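[1] with the input below, show me the fold.
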Amino acid sequence: MSRDVRILLLGDPTVGKTSLIMALVTEEFPDVVPARAEEITIPAEVTPEHVPTHIVDYSAAEQDENALHAEIEKANVICVVYSVDKRPSVENITSYWLPLIRSKAPKKPVILVGNKIDLEATESLPSLTDAVLPIMDEFLEVETCVECSAKTLMNISEVFYFAQKAVLHPSEPLYSAEDKQLKPDCVAALTRVFTVCDYDKDGALSDRELNDFQCRCFNAPLMPNALEEVKETVRRNLDGGVTEHGLTLSGFLYLHLVFIQRGRHETTWTVLRRFGYDLNLQLQEEYLDPRLNVPAGCSLELSSMGIQYLRDLFHQHDTDLDGCLSLSEQQRMFELCPHLMWNSKKLMYSVNCSSQGYPTLDGFLSYWVIQAMKDHRLLFHFLAFTGYIHGDTDTQLSAVKVKAHVPAEQSVYHCAVIGHSGRCKSEFMHQFVNPAYVASQSEQSEYSCRSVTVGKTSKYLVLHDAVLESRVEPPYHAAVVLVDPTSAQSIEDALDVQEQLGSSTPILFVGVPPQARHADGEAVPRHSLKIKHNFVPGNSQNEQIFQSVARLAHNPSVHSSKDSAPSWLSLSGKAALFVSVPLIVAFAVYRYRSSS
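    Modelled structure (predicted):
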């Protein structure tokens, strides 16, 4: 909405422009009228639309054409004043004033003001309708015409109200006066509003949905009799506008067409602005991306309201009730967005999906958990496009919460996965979310996320394929370092990571299968790393690793380097097989001798 409104009054000399302004301000007809009134500013609190309004007078006696042209360009709306008792002032509207305005400021809204209706016409002038309708047909920028009297104060406030309304609630973006139809951009915007409010996606707004829409836009429900009157009006005038399920899209558009044709533009604009549209029928930047400051050392998470909204959105579009979103269901959900918000083919590599690769509820929520953490603008845009609103909150800020880096108080844990870039790392990331799939290196995702249970609490664990040099705040809650204990280089890299992270980030070392074939008898490198788990692609025991990561992130104090589970990877190849048997035999002999 405009921050202020600038109204310019034009017209022939002596038609009463200055008297109109002075009558508005003083609420009485002036005894002495100057050649030109000074610019008047009306404070926002005393205007119907609560917007500061500037009223500018023009006098040919005091201003030249350059000043006139400059004022026309600066104005938001122009009132062309004529005297109802003087035919030349009416004729000059079309012969001079409107062509001049059109040449200097095309499409600028114009209000025709017929002043001095208190006087008896000295000439036989046509009625208002006969005089004005041909002008409005020829000059589509003319929004309306108002007759008034500065002397009796009749309709003075209405003149400036309609002028203000022409700026704040213009008809030009909404309606084609030539075709007498809603314009395509208006239809598209209202269609989005309808679709957002059609919660059950049955193609009609039920009484409950209509009342929710009414409360959302106008802060008051429709009375039952008013609701029936609205539907009956549509039934009488439009086939298919109302069905047994409620008001259809065609009926919804018809109602707004009627509002506009009856001069109630503000009704449609109230709806459009409530859903984020500006005067160009584009979603406003502040609606798409409200200001948010995330301090250093903090992270962004979905709030309970954000999670509930996304959960409801998932169930609205899971029309076949199979617990996941098929491609057609995804497309229907994203039809409100200018583009898809994810790559459907790669989604299975970052969140939990069905066997067909369709996101489950956990996968859907996890995707937006990732976006909240790494790119909240994408999350905010998605919430805006789909019509997020919760209670009296009109922005997406209530869908998220800023959390300090205190693990026990956070619901999302951000964990780095470091070391051994290649197939093994991509398999580790992928099997965290979809154990049944085998991912290739080319299919690797930078992030993997799903819900995990820590104690009796559900958390989201985000694994990040990290490179230490590119670390960003907030710090990681934990780090997983993948190590090939048969590789001296891998061990050296892991020790470097341990030194870089220091004591600030708890580390879980995880052994991985050798990435290269080792010669028989090749010495196994010695190391001090405490490898508690071994990752084996496709092994169901891998879930223990992910649970350990979650527990470590939740409570770093449980991390201890004193205990180390034996690792078959601490020995290489055939050596492990041959050494294990003598160890078992020796242990058995020792037990036998001891018992003797």
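[2] now for this protein, the helix or strand with the poorest mean pLDDT.
    Of all helical and strand segments in the chain, the minimum by mean pLDDT, DSSP states H and E falls on helix 573-595, at a mean of 35.
[3] the residue positioned nearest the centre of the chain: which element?
    The chain has Ala384 as the residue nearest its centroid, 2.4 Å off, counting by Cα atoms, centre = their mean. Using DSSP states H and E, Ala384 sits within helix 376-385.
[4] just to revisit the earlier point, these two touch, right, the residue nearest to the centre of the chain and Gln396?
    Yes. Contact criterion Cβ atoms under 8 Å: Ala384 and Gln396 qualify, at 6.4 Å. For every residue, glycine as well, the C-beta is placed using N, CA and C.
[5] coming back round to it: show me what the very next helix or strand once past the helix holding Ala384 packs onto, helices and strands only.
    Downstream of helix 376-385, the next assigned helix or strand under DSSP H and E is strand 400-404. In terms of contacts (3 or more Cβ pairs under 8 Å, 6 or more residues apart in numbering; DSSP states H and E), strand 400-404 is packed against strand 298-302.
[6] tell me what the helix or strand following the strand it packs on is packed against?
    Remark: after strand 298-302, the chain's next helix or strand is helix 304-317, criterion DSSP H and E. Under the contact definition 3+ Cβ pairs under 8 Å, 6+ apart, helix 304-317 sits against helix 327-333, helix 361-374.
[7] the residue nearest to Thr395 when sequence neighbours are not counted: what secondary structure?
    Leaving aside its chain neighbours, Thr395 sits nearest to Pro290 (4.2 Å; criterion: Cβ to Cβ, 6 or more residues apart in numbering). Following DSSP: H, G, I helix; E, B strand; the rest coil, Pro290 is assigned to coil.
[8] pull up the gap between the residue nearest to the centre of the chain and Glu266, please.
    For Ala384, the distance to Glu266 (Cβ to Cβ, to the nearest Å) stands at 23 Å.
[9] before we move on, what about Val369?
    Distance of Val369 to Glu266, computed by Cβ to Cβ: 40 Å.
[10] so which of those two has more stuff around it?
    Val369 (28 against 15; other Cβ atoms under 10 Å).
[11] ok so, going back, please report phi then psi for the residue nearest to Thr395.
    phi -60, psi 150 (degrees, to the nearest 10).
[12] same check, this time on Ala35
    phi -60, psi -30.
[13] now do the contacts for it.
    18, 59, 61-62 (Cβ atoms under 8 Å, 6 or more residues apart in numbering).
[14] can you rerun that using 7 Å?
    59, 61-62 (Cβ atoms under 7 Å, 6 or more residues apart in numbering).
[15] please apply the same query to Cys337.
    382, 385.
[16] low-confidence ranges in the stretch 51-200 of the chain?
    Low-confidence segments of the stretch 51-200 of the chain, defined by pLDDT under 70: 120-129.
[17] which residues in it form strands?
    Using DSSP state E, counting those that start in this stretch, the strands of the stretch 51-200 of the chain run over residues 53-57, 77-83, 110-115, 142-147, 175-176, 181-182.
[18] which stretch among the ones you listed comes nearest Gly297?
    Distance to Gly297, taken as Cβ to Cβ, is lowest for strand 53-57 among the strands of the stretch 51-200 of the chain, at 46.6 Å.
[19] any regions of the stretch 251-400 of the chain where pLDDT drops low?
    Checking the stretch 251-400 of the chain against pLDDT under 70 turns up 390-394.
[20] where exactly do the strands run in the stretch 201-350 of the chain?
    Using DSSP E, counting those that start in this stretch, strands in the stretch 201-350 of the chain cover 204-205, 242-243, 246-248, 298-302.
[21] turn the strands of the stretch 51-200 of the chain into CSV, including mean neighbour count.
    Shown next, in CSV, are these (neighbours: other Cβ atoms under 10 Å):
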stretch, mean neighbour count
strand 53-57, 21
strand 77-83, 26
strand 110-115, 26
strand 142-147, 20
strand 175-176, 18
strand 181-182, 17
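[22] would JSON lines of those strands with distance to Tyr309 be doable?
    Conversion of the strands of the stretch 51-200 of the chain to JSON lines gives the following (distance: least, Cβ to Cβ, whole Å):
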{"stretch": "strand 53-57", "distance to Tyr309": "38"}
{"stretch": "strand 77-83", "distance to Tyr309": "39"}
{"stretch": "strand 110-115", "distance to Tyr309": "43"}
{"stretch": "strand 142-147", "distance to Tyr309": "39"}
{"stretch": "strand 175-176", "distance to Tyr309": "33"}
{"stretch": "strand 181-182", "distance to Tyr309": "30"}
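[23] and those strands: which comes nearest His245?
    Among the strands of the stretch 51-200 of the chain, strand 181-182 sits nearest to His245 (Cβ to Cβ), with 23.0 Å.
[24] quick one: list the elements packing against that closest one.
    Judged by 3 or more Cβ pairs under 7 Å, 6 or more residues apart in numbering; DSSP states H and E, strand 181-182 is in contact with helix 249-261.
[25] now could you export just the CA positions of the helix it packs on as PDB?
    The C-alpha atoms that make up helix 249-261 are tabulated as PDB, following Å, rounded to 0.1, in the frame of the first residue of the first chain:
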ATOM      1  CA  LEU A 249     -13.800 -20.800  -8.300                       C
ATOM      2  CA  SER A 250     -16.000 -19.400 -11.000                       C
ATOM      3  CA  GLY A 251     -18.500 -18.200  -8.300                       C
ATOM      4  CA  PHE A 252     -15.600 -16.700  -6.300                       C
ATOM      5  CA  LEU A 253     -14.400 -14.700  -9.300                       C
ATOM      6  CA  TYR A 254     -17.900 -13.600 -10.200                       C
ATOM      7  CA  LEU A 255     -18.400 -12.100  -6.700                       C
ATOM      8  CA  HIS A 256     -15.200 -10.000  -7.100                       C
ATOM      9  CA  LEU A 257     -16.300  -8.900 -10.600                       C
ATOM     10  CA  VAL A 258     -19.600  -7.700  -9.000                       C
ATOM     11  CA  PHE A 259     -17.700  -5.900  -6.200                       C
ATOM     12  CA  ILE A 260     -15.600  -4.000  -8.700                       C
ATOM     13  CA  GLN A 261     -18.400  -3.200 -11.100                       C
END
